[in-house]
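Chemist: build me a model:
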Amino acid sequence: MKWLETDTENCPVHRTLDLVGEKWTLLILRDAFNGVRRYDDFRRHIGLSEAVLADRLRKLVASGILRAVPYREPGARTRNEYRLTSKGVDLWPVMLALKQWGDTHTGDPAASPLDVHHTACGSPVEVVVRCAGEDAEVLTAREVTATPRP
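Modeler: This next block holds a predicted model:
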């Protein structure tokens, strides 16, 4: 494969990182997947500045990953909750893969604040790469071939 000769201007990894490849954005998404919806809750739980949070939420809404849903508590002004769209939910395997990698390669996996289990049977959930062929074999990076498109 002649990767260095391949034009990567339209690379999907690059385009994805343009949207979500920043620490605070990923932490906002982590919290959104775990039920956080409101600005003040994001800010308090993640511990980032108001300006950064507002900017990241605005970008996630503009890119269609989150949607803003107005709500109003009695006696207060209307504010927004932020909910994952179907486009945002499609990032779940990516987030789970980051968690899985972090449990394996950083810190103490036993101290991880989150376990993910299959609701129906209680077994742990893991991210794997499988062949789409009939054998559905689990693959490693050394068992695949990437080829540049014309």
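Chemist: show me where this structure has helices.
Modeler: Chain-ordered helices for the chain, with DSSP state H as the definition, fall at 12-20, 23-33, 39-46, 50-62, 86-89, 92-105.
Chemist: so the nearest residue to V61 once chain neighbours are set aside bridges to which residues?
Modeler: In space, and not counting its chain neighbours, V61 is closest to A68: 5.3 Å by Cβ to Cβ, 6 or more residues apart in numbering. Quick note: C-beta positions are derived from backbone N, CA and C, even for glycine. Beta bridges link A68 to Y82 when assigned by DSSP bridges.
Chemist: tell me the contacts of A68?
Modeler: L57, V61, N80, E81, Y82 (Cβ atoms under 8 Å, 6 or more residues apart in numbering).
Chemist: and the pLDDT for the nearest residue to L84 once chain neighbours are set aside?
Modeler: Distances taken as Cβ to Cβ, 6+ apart place A32 nearest to L84, at 5.4 Å, with adjacent residues excluded. A32 is assigned 98 on the pLDDT scale.
Chemist: run through the residues that contact K2.
Modeler: K2 neighbours (Cβ under 8 Å, 6+ apart): P148.
Chemist: just use 49 as the starting number from now, easier for me
Modeler: In the new numbering, first residue 49, that becomes K50.
Chemist: many thanks, I have nothing further to ask.
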